[in-house]
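> Fold the following, please.
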Amino acid sequence: MREVIKHLKATIGEFVICGSLALYLHDLIPDYNKEEIDIIVDKNISIDGYRRHTSNRFNAQGWLGKYNDVYIDVYNKPLPEFNKVVVDGLIMRIKTVNALKMHYLSLDLDTIGGHDRFKQKLMTRIELFK
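All right, here's what the predicted structure looks like:
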């Protein structure tokens with residue numbers, strides 16, 4: 001993941017890690033999917049070489065890319081509250097626990113698309129904060 005983070009910093013600049021990696025870095029889940037990373041960038045950033053989302057589960061425009069066999073799901077939204085943490089010598093911005101809680105508890109699973117496994121994962125995340 002270190003090389004992916006370095007690549008993102010070099011190509012995108014400022015971003016905030018969200019999703020399972022943020023939950024993992026806050027010690028809220030024991031592991032995360034090392035084949036993907038979710039990040040939030042400023043709402044005006046476009047990314048060369050990434051495929052634009054035509055629709056998004058979380059009401060944000062976005063991009064999908066891949067680097068070092070890691071899928072990068074990018075959401076164009078106002079940057080959320082974040083904490084700075086140091087992991088393997090890299091300073092990372094991760095969504096705060098409070099911002100993660102607000103996000104997951106605000107989800108309406110009836111309107112979010114996706115397969116059953118994805119919805120089950122979201123339900124598990126929601127339960128973390130109830």
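
> hey, where'd the strands end up in the chain?
In chain order, the chain shows strands spanning 16-18, 36-41, 51-52, 61-67, 70-76, 82-87, 90-95, with DSSP state E as the criterion.

> Pick the most buried one from the ones you listed.
Among these, judged by mean count of other CB atoms under 10 Å, the one packed with the most neighbours on average is strand 16-18 (a mean of 24). C-beta here means a position set from N, CA and C on the backbone, and glycine is covered the same way.

> Show me how far it is from its chain's centre.
On the basis of CA atoms, centre = their mean, to the nearest Å, strand 16-18 is displaced by 5 Å from the centre of the chain it belongs to.

> what does that strand rub up against?
In this structure, residues lying in contact with strand 16-18 by CB atoms under 8 Å, 6 or more residues apart in numbering are 25, 37-40, 75, 79-80, 82, 92-95, 100, 103.

> how does it look with 7 Å?
For strand 16-18, the external contacting residues (CB atoms under 7 Å, 6 or more residues apart in numbering) are 37-40, 79-80, 82, 92-95.

> and His7, which of the strands of the chain is closest to it?
His7 lies closest, by CB to CB, to one member of these: strand 61-67, at 5.1 Å.

> What is that closest one packed up against?
Counting contacts by 3 or more CB pairs under 7 Å, 6 or more residues apart in numbering; DSSP states H and E, strand 61-67 packs against strand 51-52, strand 70-76.

> Any chance of JSON lines for the ones you listed, columns distance to His115 and mean pLDDT?
As requested, the helices and strands packed on strand 61-67 are arranged in JSON lines below (distance: least, CB to CB, whole Å; pLDDT from 0 to 100):
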{"stretch": "strand 51-52", "distance to His115": "19", "mean pLDDT": "72"}
{"stretch": "strand 70-76", "distance to His115": "15", "mean pLDDT": "91"}
